[in-house]
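1. no sequence for this one, just the structure:
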């Protein structure tokens, strides 16, 4: 008998005696037979225990076994096309490794969201949450493969920084020894720009922090973002890269996570199969006119709100680019549009089905004087951006980049209503436990 066999590998051991380590997902009995549903992280298996084929003490301990007890189940693998994975175990012995208390909080019934979040450490064991985590993992792998295949270099940018990336009003701050105030990074972009001048094509992928007092289903205070930066790439090139990345990631999820999407999450994958290039493109001016015709109160110069984003993408079966926003609605580092100095060369990529902005990107301002003027307009501390301005003083070059929010992307792919389910331990305005 093997020391331990993963449930996902059982189909290769038909007729053999094996041992499986896992947790009790469910249990039912029918007279002198007990059916155990056991999970080990790789899958589920039904283990059939006949009273006459196990020792009396084994039978006795199974009768009082509680959900989520950890077990070592020994038995013979039998083919059964009706069973999960196409096989089941005929049990010879069960050892209880870690018994579970009878009052296991999360039973096979409906619970309120706050209750589930309070018990997030246990909620993660449910099949739905396992499926979401598997999709997330595959999306992360796909993102890294996409950039690796295209010659990008992965770099790690600081989490603690003295430079504001987006908005001073959404920063978490801390005192940094005797050097004054430091901030949890909103973005790695500014540092990416320095590395793009050294390596050409780079990306960072890590946690970012926004102290936004937002309670919407699209926001977290801590989330993961992938941010590429590309030398000699303009806004048009930047949008093509975004389009390629999103199509690559969605195709990979469909290829490798189809069972999670269809069986566990009941996702309508026909919606995802439409995600192919080209994506529709709508200029900001056109978007505002359309939104106003649909009853939105948006005025030229405003950023798009959540409802506006939903309306913009409502008629599309794939993500939609909105590009060239007003300067005053966007960050200081975006390049002025030479055809309309009121606007900047940027884009937001809006997901269909009401999932909102997946990506924000722009061509960067590579002119020293214009960038310095924007820093002063925003009343940012010039001394904190001396190094950033140096990138324009010493060999400035056209470059572009973007940030893709991992959790929003996973929520859209999975068809999950709220972003909090797409990260193991969500941090929101009202939650930092567990």
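-> Nice, thanks for sending it over. Note that the structure is a prediction, hence the values are computed from the model and not measured. Numbering: from 1, shown residues only.
2. How far off centre is the lengthiest strand in the chain?
-> Criterion DSSP state E: the longest strand present in the chain is strand 17-30. Its chain's average C-alpha position is 32 Å from that of strand 17-30, according to C-alpha atoms, centre = their mean, to the nearest Å.
3. try stretch 294-301
-> Between the centre of stretch 294-301 and the centre of its chain there are 30 Å (C-alpha atoms, centre = their mean).
4. Also stretch 56-74?
-> Relative to the centre of its chain, stretch 56-74 is centred 37 Å away, using C-alpha atoms, centre = their mean.
5. And for stretch 97-112?
-> Distance, centroid of stretch 97-112 to centroid of chain: 27 Å (C-alpha atoms, centre = their mean).
6. Pull out the buried positions in it.
-> residue 106 (16 or more other C-beta atoms under 10 Å). For the C-beta atoms, the positions are set from N, CA and C on the backbone; glycine is no exception.
7. One more: stretch 189-203?
-> The neighbour-count check on stretch 189-203 (16+ other C-beta under 10 Å) flags 189-197, 200-203 as buried.
8. between these, which is closest to residue 366?
-> Of all the buried residues of stretch 189-203, residue 193 has the smallest distance to residue 366: 9.5 Å, by C-beta to C-beta.
9. quick one: low-confidence parts of the chain?
-> Applying pLDDT under 70 to the chain picks out residues 1-2, 108, 165-166, 168.
10. Quick one: the helices in it, in order.
-> Assigned by DSSP state H, the chain shows helices spanning 56-63, 113-118, 120-123, 127-149, 189-199, 235-256, 258-259, 270-273, 284-293, 306-313, 368-377, 386-393, 406-414.
11. any chance of those helices in a markdown table, plus distance to residue 362?
-> A markdown table is the format used below for the helices of the chain (distance: least, C-beta to C-beta, whole Å):
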| stretch | distance to residue 362 |
| --- | --- |
| helix 56-63 | 61 |
| helix 113-118 | 35 |
| helix 120-123 | 35 |
| helix 127-149 | 19 |
| helix 189-199 | 9 |
| helix 235-256 | 7 |
| helix 258-259 | 35 |
| helix 270-273 | 27 |
| helix 284-293 | 13 |
| helix 306-313 | 17 |
| helix 368-377 | 12 |
| helix 386-393 | 15 |
| helix 406-414 | 18 |
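12. about what we covered before: if you count contacts, what does the longest strand of the chain end up packed against?
-> Contact partners of strand 17-30 among helices and strands, from 3 or more C-beta pairs under 8 Å, 6 or more residues apart in numbering; DSSP states H and E: strand 33-39, strand 44-50, strand 70-79, strand 87-98.
13. what about 10 Å?
-> Contacts defined by 3 or more C-beta pairs under 10 Å, 6 or more residues apart in numbering; DSSP states H and E place strand 17-30 against strand 33-39, strand 44-50, helix 56-63, strand 70-79, strand 87-98.
14. That one pairs with which strands?
-> Strands that pair with strand 17-30, judged by DSSP bridges, come out as strand 33-39 (antiparallel), strand 70-79 (antiparallel).
15. can you pull the buried residues of it?
-> Applying 16+ other C-beta under 10 Å to strand 17-30 flags 18-25, 27 as buried.
16. Out of those residues, the closest to residue 307 would be?
-> When the buried residues of strand 17-30 are ranked by distance to residue 307 (C-beta to C-beta), residue 25 comes first, at 40.4 Å.
17. pretty sure the closest one is touching residue 68, no?
-> Yes. At 8.0 Å, residue 25 and residue 68 qualify as touching, with contact defined as C-beta atoms under 10 Å.
18. Mark out where each domain of this protein begins and ends.
-> Here the domain parsing of the chain from automatic domain parsing is 7-98, 120-422.
19. now the shortest one, how far from the centre of its chain.
-> To tie it back to what came earlier, the one meant is domain 7-98. Relative to the centre of its chain, domain 7-98 is centred 34 Å away, using C-alpha atoms, centre = their mean.
20. If you count neighbours, what's buried in stretch 28-47?
-> Buried residues in stretch 28-47 (16+ other C-beta under 10 Å): 34, 36-40, 43-47.
21. In a markdown table: the domains of the chain, plus distance to residue 428.
-> Below are the domains of the chain laid out as a markdown table (distance: least, C-beta to C-beta, whole Å):
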| stretch | distance to residue 428 |
| --- | --- |
| domain 7-98 | 26 |
| domain 120-422 | 6 |
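22. tell me the most buried of those?
-> Of all the domains of the chain, domain 120-422 carries the top mean neighbour count, a mean of 18, counting by mean count of other C-beta atoms under 10 Å.
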